[in-house]
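Enquirer: Take a look and give me a structure for this.
(chains A and B)
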Amino acid sequence: MAEYINLDPQYSASVESFFNSSPEAEVSLEFIIPEKDFNVAGKGSAEVKNLLKRLGIDPEILRRVAVASYEAEINVAAHSRGGKMVSDVYDELIHISFIDEGPGIKDIAQAMQPGFSTADDLVREMGFGAGLGLPNIKKNSDWMKLTSEYGQHTNLEFIIFFE
Amino acid sequence: MTLQEITSLLEAEVLTRETDMNKPIPCAFASDLISDILMCTKEPTLLLTGLANTQVIRLSDMIDISAIVFVRGKQPTQELIEMAEERGLPLLRTKLTMYRSSGLLFNAGLRSCKI
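Expert: Numbering: from 1, shown residues only, chains lettered A, B, ... in the order given. This next block holds a predicted model:
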């Protein structure tokens, strides 16, 4: 099992206390992401964004959540056999995780490199496959963790604080 | 710059119904890569693109796109046009290339969006 973690140092104490206290989510939303269905892909992220908007979250935070979530949702649709996204909203943060049905990532360090992509022609024709999905998720989140075992499944989760 | 001025400059066709042609457009960005569009749109922006699939409309759910110009004569499907109409998102289509369209708008004073 290989893993990659990125953490904005200013949030290290908050992230640690979040996982230690394992609080109950205020709101939880779950969406199925079917394989290669680009009519559905992105719907979950749009709904999460609308929910946060109704809760009065700052527009710049909304934009970061939407971008990171959309990139991750597209990754599941484009690269896996399908999966799901689970968004948990708390008072101070949102935690979103994406769990897919495989086939896993061969080399996580390589996958994190801006510009590296394994996207097929169909996906590239649609304007994806620039190799910027994971780097954009990293850039827009305060904490992210990518876990994968080649031949098994991939799990990506990230946290974005509201302040 | 208004949508009307942009339409004239690009000799464009308006694809959406009930489009507010007086809508002010503060700045623009041009790209065919979805990840770039996502990262470079931080304020209300006119998007020039050759991508004519429904994910381009999905993008407008995530970021603040004021209107879309399809360049190089790309014709989106009726489904895409309806998705845009539901969102009140104006769509234009021009036969001009992305380079020429961008040049014309830039020379007429439409600034590049902040990235």
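Enquirer: Just grab the bridge partners of the residue nearest the centre of chain B for me.
Expert: With distances taken as CA atoms, centre = their mean, B:Ile68 lies nearest the centre of chain B, 1.8 Å away. B:Ile68 forms beta bridges with B:Leu47, B:Leu91, as assigned by DSSP bridges.
Enquirer: quick one: the strands in chain A?
Expert: Remark: strands assigned in chain A by DSSP state E are A:2-7, A:27-33, A:83-89, A:93-100, A:143-148, A:154-161.
Enquirer: so what's residue 74 up against?
Expert: Here I'm looking at chain A. A:Ala41, A:Gly42, A:Phe128, A:Gly133, B:Ile34, B:Gln55 (CB atoms under 8 Å, 6 or more residues apart in numbering or on different chains). Yep, even glycine has a C-beta here, placed from its N, CA and C like the rest.
Enquirer: oops, I was thinking of chain B
Expert: So B:Lys74 contacts B:Gly50, B:Leu51, B:Ala52, B:Arg93 (CB under 8 Å, 6+ apart).
Enquirer: let's see 6 Å
Expert: B:Gly50, B:Ala52 (CB atoms under 6 Å, 6 or more residues apart in numbering or on different chains).
Enquirer: I would like the residues contacting stretch A:105-123, please.
Expert: The contact list for stretch A:105-123 (CB under 6 Å, 6+ apart) reads A:Ala2, A:Tyr4, A:Ala78, A:Phe128, A:Gly129, A:Gly131, A:Leu132, A:Leu134, A:Pro135, A:Ser148, A:Tyr150, A:Thr154.
Enquirer: What is the nearest of those to chain B?
Expert: A:Leu132 (3.7 Å; CB to the nearest CB).
Enquirer: Need the nearest residue in space to the closest one, chain neighbours excluded.
Expert: B:Ser35 (3.7 Å; CB to CB, 6 or more residues apart in numbering or on different chains).
Enquirer: okay, the strands of chain A in TSV with mean neighbour count next?
Expert: As requested, the strands of chain A are exported to TSV (neighbours: other CB atoms under 10 Å in any protein chain shown):
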stretch	mean neighbour count
strand A:2-7	14
strand A:27-33	15
strand A:83-89	21
strand A:93-100	22
strand A:143-148	22
strand A:154-161	22
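Enquirer: B:Arg72 is nearest to which of those strands?
Expert: The closest of those to B:Arg72 is strand A:27-33. By CB to CB, the value is 31.1 Å.
Enquirer: does any bit of that closest one sit next to chain B?
Expert: No. On the criterion CB under 6 Å from any CB of the partner chain, strand A:27-33 is out of touch with chain B, staying 13.0 Å away.
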